[in-house]
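**Q** build me a model:
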Amino acid sequence: MRIADMNWMAVEDWLERDDRAVLPLGSTEQHAYLSLAVDAILAERVAAEAAEPLGVPVFPVMPYGLAPYFLAYPGTVSLRVSTLLAVVGDVLDSLSAQGFRRVLIVNGHGGNNPVDAFVREWASMRPGHRVRFHNWWNAPRTWAAVQATDAVASHGSWMENFPWTRLAGVALPEGRKEPIDTSAIAGRPASEVRALIGDGNFAGLYQRPDEEMLAIWRTAVAETRELLENGW
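**A** As a prediction, this is how the structure comes out:
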């Protein structure tokens, strides 16, 4: 259940019966012809759909992450690593003080991976706590579903093009974009990264049929839900 649909009494009631919560992490950054908020939209939605049958509270998605390499694309926002880790730490401290002991972080942006190491450190110093970091899009079964659909799948391509991430009135290019050399963009200024990437798609088609996308989505929701249910 989204925390926006709960009051504090409902959360207090939940904590008398359970101690799980979900924290989605996103990013606001270029995704070629798709919404700048792709990573936030997908992380929050997969978290909410996975948690809904279980009643686990889902906190609002963190809309900003680590995307300094995309700052030459208007609309992209990037935090410093220290800022993102401080915010995640403050959120976890708040939840811990109220009685939450098991937190699933559903991450929608690969650049946020420093949070994984941080939460391992955070939990290691707090007996009784467990924090899981879940990159929903490349979890084993979800990634297998992506690869079975089309092995050329990357940032800004079809694999992020769901009915809820595309923009009304925006036409998508036909054909398949040739892969960019991702090793060539590492460590470059944002302006050079933009010149190398172009429209923002890293590789592959811009869109695939919705029935294929929805099948992948159902796998992602089920895989995320299993993490909430098992193995704590």
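**Q** pull the distance from stretch 19-37 to the chain's centre.
**A** 5 Å (CA atoms, centre = their mean, to the nearest Å).
**Q** span of that stretch from start to end?
**A** 29 Å (CA to CA, to the nearest Å).
**Q** give me phi/psi at D18?
**A** Per-residue torsions, D18: phi -160, psi 160 (degrees, to the nearest 10).
**Q** mind listing what it touches?
**A** The neighbours of D18, taking CB atoms under 8 Å, 6 or more residues apart in numbering as the test, are 55-56. Any C-beta I mention is one placed from the backbone N, CA and C, and that applies to glycine too.
**Q** just the pLDDT for it.
**A** Here, the pLDDT recorded for D18 equals 98.
**Q** what do you get for the one 3 residues further on?
**A** A21 is assigned 98 on the pLDDT scale.
**Q** tell me the contacts of it?
**A** Taking CB under 8 Å, 6+ apart, one finds 56-59, 95, 100, 102-104 in contact with A21.
**Q** just W14 next, same as before
**A** Residues in contact with W14 (CB under 8 Å, 6+ apart) are 6, 55, 57.
**Q** can you tell me what sits against the lengthiest helix in the chain?
**A** Longest helix of the chain, by residue count under DSSP state H: helix 210-229. By CB under 8 Å, 6+ apart, the residues outside helix 210-229 that reach it are 20, 22, 46-47, 49-51, 53-54, 56, 104, 106, 132, 134, 136-137, 139-142, 145-146, 149, 158-159, 161-163.
**Q** got the buried residues for it?
**A** By 16 or more other CB atoms under 10 Å, the buried positions in helix 210-229 come out as 213, 216-217, 219-221, 223-225, 227-228.
**Q** with distance to V87 as added columns, please give those residues in CSV.
**A** As requested, the buried residues of helix 210-229 are arranged in CSV below (distance: CB to CB, whole Å):
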residue, distance to V87
M213, 31
I216, 30
W217, 28
T219, 30
A220, 25
V221, 26
E223, 26
T224, 22
R225, 26
L227, 22
L228, 22
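**Q** what is the nearest of those residues to A123?
**A** Each of the buried residues of helix 210-229 was scored against A123 by CB to CB, and L227 proved nearest at 15.1 Å.
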